[in-house]
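Q: Prediction below, plus the sequence it came from.
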Amino acid sequence: MRIAGVEIPVGKTKKIDVNIAKLPSGTLIDIPIIVYRAPKEGPTLMLLAGMHGDEINGVEIMRRIIREKLYKVDAGTVICIPIINIYGFINFSRDVPDGKDINRSFPGSKTGSLASQVAHFMMQEIIPHIDYGVDFHTGGARINNSPQVRVQTDDAQNLELAQAFGTRFILNSPYREKSLRKEAFKHGKRILVYEGGESLRLRKSAIDEGISGMQRVMKHLKMKDSAPKPERETILINKSTWVRAKSAGLHYSFVRNGSKIIPKEILGEVCDPYGTYQVKIKSPLEGYIIAVNNHPVINRGDALFHVGN
């Protein structure tokens, strides 16, 4: 196996610093990659985080995987990429400096935008080596996602891998154009997207769940003999919808993330700052809360609760 010109021998761990670009000041920007090849043959699993630089839970998941050497499997190879979007990470931003989203830039181009160049590196140097992958993400700005794996569930192999991950929710999520997941699938590679917590905020439960799920995937792929057992039953979400604010004001949530709800159940309320009105927010259906908007000040039309069934 060779990545960015570096040979990774069997039975060894290799850290590779890949120069991806540089700052306008001339400071080099390197992407650290840790690769472990077990002496015994097996599948190659990619573990990736930091696609969006402000999604810190995934970065912490990867830090712990590396720190605790959980990547050292009994069979196969593990490729760890703790932060693929270094620019976004150091700037607390989802995107790269040109405003583009790496995960909407695949398959990328060697001479394209910065986001496109990172995507091109992934498609040329990483994806050809792997069989499977787990891409760790976090909810977007102010959105707290209950731990969930997103896959296209009509693909039996994808669904089997998601069930092995064993987190609280499996969300049916069609492939998005120019995403890593879709481009990898075109090459016969299955990648799970794990979502947990919210951006720029560490959430221990989401981090622990991501690490445990990763180990369960390794066991399922026969890369390891043991893994933590799931604490709760996995629930398949076939479709979901956002409950949106009908008025602007201060938002108060009354339900816990991940909880089951019934039609017309009061999920929260929106109040104006001056005490003149309170608008109750009711559930449109029976299902589960899979994400909550934690921002206290909202506008009419803002997404407040992601409900799935």
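A: Here it is on my side, so go on.
Q: Could you confirm N57 falls within a helix?
A: Yes. Assessed with DSSP: H, G, I helix; E, B strand; the rest coil, N57 lies in a helix.
Q: Pull the number of nearby residues for N91.
A: Neighbours of N91 under the rule other CB atoms under 10 Å: 14. (Glycine included, C-beta is placed from N, CA and C.)
Q: let's have the chain start at 41 instead
A: OK, 41 is where the count begins now, so the last one is N131.
Q: So it is in contact with P137, correct?
A: Yes. Taking contacts as CB atoms under 8 Å, N131 lies within contact range of P137: 7.3 Å.
Q: Could you work out the end-to-end span of stretch 204-218 for me?
A: Counting by CA to CA, to the nearest Å, the length from the leading to the trailing residue of stretch 204-218 is 26 Å.
Q: Would you mark the buried spots in that stretch?
A: A204, F205, G206, T207, R208, F209, I210, L211, N212, S213, K218 (16 or more other CB atoms under 10 Å).
Q: Return the closest of these with respect to I247.
A: T207 (12.1 Å; CB to CB).
Q: Quickly note the distance from that closest one to V174.
A: To V174, T207 is 11 Å away according to CB to CB, to the nearest Å.
Q: May I see the buried residues of stretch 204-218 organised as TSV, with distance to Q197, secondary structure and pLDDT added?
A: Below are the buried residues of stretch 204-218 laid out as TSV (distance: CB to CB, whole Å; DSSP: H, G, I helix; E, B strand; the rest coil; pLDDT from 0 to 100):
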residue	distance to Q197	secondary structure	pLDDT
A204	11	helix	98
F205	13	helix	98
G206	16	coil	97
T207	18	coil	97
R208	21	coil	95
F209	19	strand	98
I210	14	strand	98
L211	17	strand	98
N212	15	strand	97
S213	15	coil	95
K218	22	coil	97
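Q: Report the two of the residues you listed separated the most.
A: Largest separation among the buried residues of stretch 204-218 by CB to CB: G206 and K218, giving 29.4 Å.
Q: Report the contact partners of R284.
A: G341, D342, A343, L344 (CB atoms under 8 Å, 6 or more residues apart in numbering).
Q: Kindly supply the ChimeraX command isolating those of those that are buried.
A: To isolate the buried ones among these in ChimeraX, judged by 16+ other CB under 10 Å, type:
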select :342,343,344
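Q: Provide a list of residue ranges in this protein with pLDDT below threshold.
A: Of all residues in the chain, none has pLDDT under 70.
Q: What ranges does it have for its helices?
A: Assigned by DSSP state H, the chain shows helices spanning 96-107, 126-130, 154-161, 196-205, 220-226, 244-260.
Q: Quick check: the nearest residue to S239 once chain neighbours are set aside vs N131, distance?
A: Sequence neighbours aside, D94 is the residue nearest to S239 in space, at 4.3 Å (criterion: CB to CB, 6 or more residues apart in numbering). Relative to N131, D94 is positioned 9 Å away (CB to CB).
Q: do the same with I167
A: 26 Å.
Q: hang on, the earlier thing: I figured the residue nearest to S239 hits G128, correct?
A: Yes. Contact criterion CB under 8 Å: D94 and G128 qualify, at 6.5 Å.
Q: anything in contact with each of those two?
A: Shared contacts of D94 and G128, defined by CB under 8 Å, 6+ apart, are found at R134.
Q: Contacts only, for R272.
A: R208.
Q: Endpoints of stretch 236-253, how far apart?
A: 12 Å.
Q: in it, what's buried?
A: Buried positions in stretch 236-253, judged by neighbour count with 16+ other CB under 10 Å: 236-239, 241, 243, 246-253.
Q: repeat for stretch 318-325
A: Across stretch 318-325, burial judged by 16+ other CB under 10 Å covers I321, S323, L325.
Q: Just the C-alphas of it, formatted as CSV.
A: Taking C-alpha atoms only, stretch 318-325 is exported to CSV below (Å, rounded to 0.1, in the frame of the first residue of the first chain):
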residue,chain,number,x,y,z
GLN,A,318,-46.8,32.4,23.4
VAL,A,319,-47.1,30.0,20.5
LYS,A,320,-47.1,26.3,21.2
ILE,A,321,-45.3,23.9,18.8
LYS,A,322,-47.1,20.6,18.2
SER,A,323,-45.9,17.4,16.6
PRO,A,324,-47.5,16.7,13.2
LEU,A,325,-47.0,12.9,13.5
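Q: Noted, bye for now.
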